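Engineer: give the three-dimensional model of this entry:
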Amino acid sequence: MNHPGDLAVFLRAKRAVLAPESTPLNGFGVRRRVPGLRREEVAQLAGVSVTYYTRLEQGHSRNASDEVLLALARALQLSVTEAEHLLDLARARRTATTTGSGTETASPNARALLALVAARPAVILGRRNDILAWNALGHALVAPHLPSGAPDHPGTRPSLPRLLFLDPQVRALYRNWDQEAADYVAYLRLISGKYPDDETLTSMVGELCVHDD
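Structural biologist: Predicted coordinates for the structure are as follows:
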């Protein structure tokens with residue numbers, strides 16, 4: 001059986017945890033087999049047809065507009081972050097473009113700006129939080145035990161998530177490591193939603209899960 005996709009899974013999960021009594025449909029349909037909303041109830045709250053919403057939950061539609069998605073977000077009482085995630089999932093499915101494992105590089109303009117920042121630590125980060133470039137103070141602050149030229153080569157390029165979770169020297173620098181780790185996990189969840197087909201990102205998350213509880 002084909003996987004319906006992350007958008008469908010997300011919609012089902014949020015529908016399942018929304019109690020009917022917390023919606024304007026309180027009292028609509030007394031006998032229930034499950035605690036959450038039915039598909040037809042979500043469709044009614046969002047102002048879309050049951051058939052259309054069902055197709056979304058089954059992964060058969062790629063063309064949901066932002067207006068429809070925001071109506072579903074309101075119907076499901078999503079937070080701002082959850083609504084943004086819903087839009088990201090739908091856009092990724094709509095475009096169906098593979099970001100793959102493309103190597104990121106710092107643009108010439110970004111490098112020129114970095115060269116002007118000498119009195120403060122500065123680094124240029126990719127979307128996976130790989131360090132694409134750093135100045136001398138940035139190197140000294142983030143990872144002085146690594147070669148200064150490490151960001152220049154994809155094979156040796158430092159990764160902030162890997163340093164935080166897997167490098168004891170970097171890990172020891174943080175007074176409140178648990179909070180820093182939680183922030184990084186939240187960021188990785190966010191960026192994974194924006195780039196669900198990024199194989200390099202998926203591989204890194206898997207590596208961190210295997211090597212750090």
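Engineer: buried residues in the helix ranked longest in the chain?
Structural biologist: Across the chain, the longest stretch assigned as helix under DSSP state H is helix 177-194. Residues of helix 177-194 classed as buried: 181, 184, 188, 191-194 (neighbour count, 16 or more other Cβ atoms under 10 Å). Where C-beta positions appear, they are placed from N, C-alpha and C, glycine not excepted.
Engineer: can you name the two of those residues that sit furthest apart?
Structural biologist: The span of the buried residues of helix 177-194, defined through Cβ to Cβ, is set by Ala181 and Lys194 at 20.6 Å.
Engineer: low pLDDT regions in this structure?
Structural biologist: Low-confidence segments of the chain (pLDDT under 70): 1-3, 26-32, 34, 92-102.
Engineer: format the CA atom coordinates belonging to stretch 130-141 as PDB.
Structural biologist: C-alpha atoms of stretch 130-141 as PDB (Å, rounded to 0.1, in the frame of the first residue of the first chain):
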ATOM      1  CA  ASP A 130      26.300  23.300   8.200                       C
ATOM      2  CA  ILE A 131      29.000  25.900   8.600                       C
ATOM      3  CA  LEU A 132      29.700  27.200   5.100                       C
ATOM      4  CA  ALA A 133      32.300  29.800   6.300                       C
ATOM      5  CA  TRP A 134      33.500  31.500   9.400                       C
ATOM      6  CA  ASN A 135      35.800  34.300  10.400                       C
ATOM      7  CA  ALA A 136      38.700  33.900  12.800                       C
ATOM      8  CA  LEU A 137      36.600  34.700  15.900                       C
ATOM      9  CA  GLY A 138      33.700  32.500  14.700                       C
ATOM     10  CA  HIS A 139      36.100  29.600  14.400                       C
ATOM     11  CA  ALA A 140      37.600  30.300  17.900                       C
ATOM     12  CA  LEU A 141      34.100  30.500  19.400                       C
END
